[in-house]
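**Student:** sequence plus predicted model, see below.
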Amino acid sequence: MAEIIASVSRNAYVARVALNSVMNITEAKKAVINAFRTQERRLGFSFVEMLSQCPTGWNMKPLEALEWIEKKMIKEYPLGEYKVPEGLDS
């Protein structure tokens with residue numbers, strides 16, 4: 001979704017993050033803060049896509065689901081900020 005939404009006008013901040021490790025959760029927190037800052041400054045629409053586990057739905061153990069996000073999902077859906085407004089100081 002992040003790539004599609006980043007290509008649409010009238011949005012200012014678009015990012016994709018993962019919630020499978022401490023490092024990625026820290027980056028997710030930063031992305032959510034940037035999204036809120038974008039909204040507060042009325043720079044445009046904000047969207048943060050989060051890759052998260054669902055071990056029950058995936059029929060996996062929780063640690064297996066976290067590894068699957070790392071090895072499969074992130075390769076298919078790359079993480080990062082897809083659109084960042086000018087003047088947004090992180």
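**Tutor:** Good, I have the coordinates.

**Student:** what ranges do the strands span in the chain?
**Tutor:** Residue ranges of the strands in the chain, as given by DSSP state E, are 11-18, 45-51, 80-83.

**Student:** among those, which comes closest to Q39?
**Tutor:** Q39 lies closest to strand 45-51 among the strands of the chain, at 5.4 Å (Cβ to Cβ). (Each C-beta comes from the backbone N, C-alpha and C, glycine too.)

**Student:** list of residues touching the top helix by length along the chain?
**Tutor:** In the chain, ranked by residue count with DSSP state H as the criterion, the top helix is helix 22-40. Counting by Cβ atoms under 8 Å, 6 or more residues apart in numbering, the neighbours of helix 22-40 from elsewhere in the structure are 12-13, 15, 17-19, 44, 46-48, 50, 79, 81, 84-85, 88, 90.

**Student:** what's next to the helix or strand bottoming out on mean pLDDT in the chain, contact-wise?
**Tutor:** Of the helices and strands making up the chain, the lowest-confidence element is helix 55-58, at a mean of 85, by mean pLDDT, DSSP states H and E. With contact meaning Cβ under 8 Å, 6+ apart, helix 55-58 is reached by 61-62, 64-65, 68.
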